[in-house]
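1. Quick check, what structure comes out for this input:
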Amino acid sequence: MLFALPVLLVFVVFSWGPIVKGLVMSLQQTNLIDPVKWVGLENFRYVLSDPGVGQAALNTVWFTLLALLFGFPVPVLLAMFLSELRGKSWLYSALAYLPVITPPVVAILLWRFFYDPSPSGMFNTILGTVGLGPYPWLDSPSSAMPSIVLEATWAGAGNAVIIYLAALTSVRADLYEAAELDGAGVVRRVWHVMLPHLRGVLLLMLLLQVIGTMQLFTEPLLFTGGGPQGSTMTILLLIYNYAFVNGDYGAATALSVLLALVLAVLSAVFQFATRGWSTE
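-> Reported below is the predicted structural model:
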C-alpha cells in the first residue's frame, strides 16, 4: 500500500479531482474571473433549452452511426487480410499503423488540402480522371460529416488493426488446418473460426468506438469550426464554444456532465445486453 500510495494520490488528484470540480462548476455561474454565483440546476435548464444542443446531439449521433457503419468494419477486414499474408506482414502492419503516429493536427490540415473543393483540388483531380466531381466536400452540409468520417477512419483504424491482429494470434493453427481439411474456403474460415474467437474483442472495441465517436472534437474544430450551417457542430465542440468563446463555464460543465451521464448509461445498457455474447 505504501508503494501504491503515490500512484493512487496522483490518480485521485489528476483524474477524480477535475471530475469533482466539474460537478461543482455545473452548479455555478462563473467565468473564472468574477465572483462565483451558485445557481443550482439553472445551467442544466439553460443547456436543455438551447436549440443548438439538440442539433449538436443529432450531428454527434449521425457521426457515430457513419463511423460504425464504415469505420468499424474496415480495421476488422484489414486485420483479417493482414493475418492471411505470408512474408513481410510486419511491413504491412507498420503501414496500417502509420496514420496513428501522425500528429492529428498535421493530418487534419493535410486532409483539408486534399478536400479543396475546386476542380484542381487533390481528391477532385483524382476523381476527375474517371469523370467524377468536382465535389464540395467540407463546403456542403450534406457531405461535410461524411468527409470527416473518412478522415477519422483513416486516422484511427491502425489502433484497432493492431488489437485485432493480436487477438488473431490466439487462434490455434490447428483450427485453421481442420477447417481447410473440411474444405472450408476463406469466407467460411473467417465466419466459423476467426469471428467466434474475436467476439469478445469486437464487443469491447464496439463500445470503445461508440464512446470515442460521441466525443468527437478535434476534426470538426479544425476542419469546419462546426459549419457549414452547423452541420458538423458536435457536443464537445459546443462545450468548447460555451467555455472558451462565450465564457460560460457553468453551462459548459453542465453539458459535460450530461454527456458523461449519457455515455455511462449507454455503456451500462450495452454491457447488460451483451454480457453473455462473448462467452457463448
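
2. Which pLDDT value belongs to the residue of the chain positioned farthest from its centre?
-> Distance from the C-alpha centroid of the chain peaks at Leu181, with 40.4 Å (C-alpha atoms, centre = their mean). In this prediction, Leu181 carries a pLDDT score of 77.

3. What's the separation between it and Leu175?
-> To Leu175, Leu181 is 11 Å away according to C-beta to C-beta, to the nearest Å. Where you see a C-beta, it was placed from the backbone N, CA and C, and this is true even at glycine.

4. where in the chain is pLDDT low?
-> 86-89, 276-280 (pLDDT under 70).

5. Strands along that one, start to end?
-> Along the chain, the segments classed as strands by DSSP state E run 28-29, 37-38.

6. Off-centre distance for the first one?
-> Counting by C-alpha atoms, centre = their mean, to the nearest Å, strand 28-29 is centred 31 Å from the centre of its parent chain.

7. 868 is where my numbering starts, stick with that
-> From this message on, residue numbering opens at 868, which makes the last subject strand 895-896.

8. Report the strands that pair with that strand, each with its relative direction.
-> strand 904-905 (antiparallel) (DSSP bridges).

9. outside of the strand it pairs with, which residues touch it?
-> Here strand 904-905 makes contact (C-beta atoms under 8 Å, 6 or more residues apart in numbering) with Leu894, Gln895, Gln896, Thr897.

10. how about a cut-off of 10 Å?
-> Val891, Leu894, Gln895, Gln896, Thr897, Gly1117 (C-beta atoms under 10 Å, 6 or more residues apart in numbering).

11. I'd like the distance from that strand to the chain centre, please.
-> So, by C-alpha atoms, centre = their mean, the centroid of strand 904-905 is 35 Å from its chain's centroid.

12. Likewise for stretch 1130-1142?
-> 17 Å.

13. What are the buried residues along it?
-> Thr1141 (16 or more other C-beta atoms under 10 Å).

14. ok, now stretch 945-955?
-> Neighbour-count burial for stretch 945-955 [16+ other C-beta under 10 Å]: Leu945, Ala946, Met947, Leu949, Ser950.

15. Alpha carbons only: can I get it in PDB?
-> Output in PDB follows, covering the C-alpha atoms of stretch 945-955 (Å, rounded to 0.1, in the frame of the first residue of the first chain):
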ATOM      1  CA  LEU A 945      -7.800  -5.200 -42.700                       C
ATOM      2  CA  ALA A 946      -6.600  -7.300 -39.800                       C
ATOM      3  CA  MET A 947      -8.100 -10.400 -41.300                       C
ATOM      4  CA  PHE A 948      -6.400  -9.700 -44.600                       C
ATOM      5  CA  LEU A 949      -3.000  -9.000 -42.900                       C
ATOM      6  CA  SER A 950      -3.300 -12.200 -40.900                       C
ATOM      7  CA  GLU A 951      -3.500 -14.200 -44.100                       C
ATOM      8  CA  LEU A 952      -0.400 -12.700 -45.600                       C
ATOM      9  CA  ARG A 953       2.800 -14.600 -45.600                       C
ATOM     10  CA  GLY A 954       6.100 -12.700 -45.600                       C
ATOM     11  CA  LYS A 955       6.700  -9.100 -44.800                       C
END
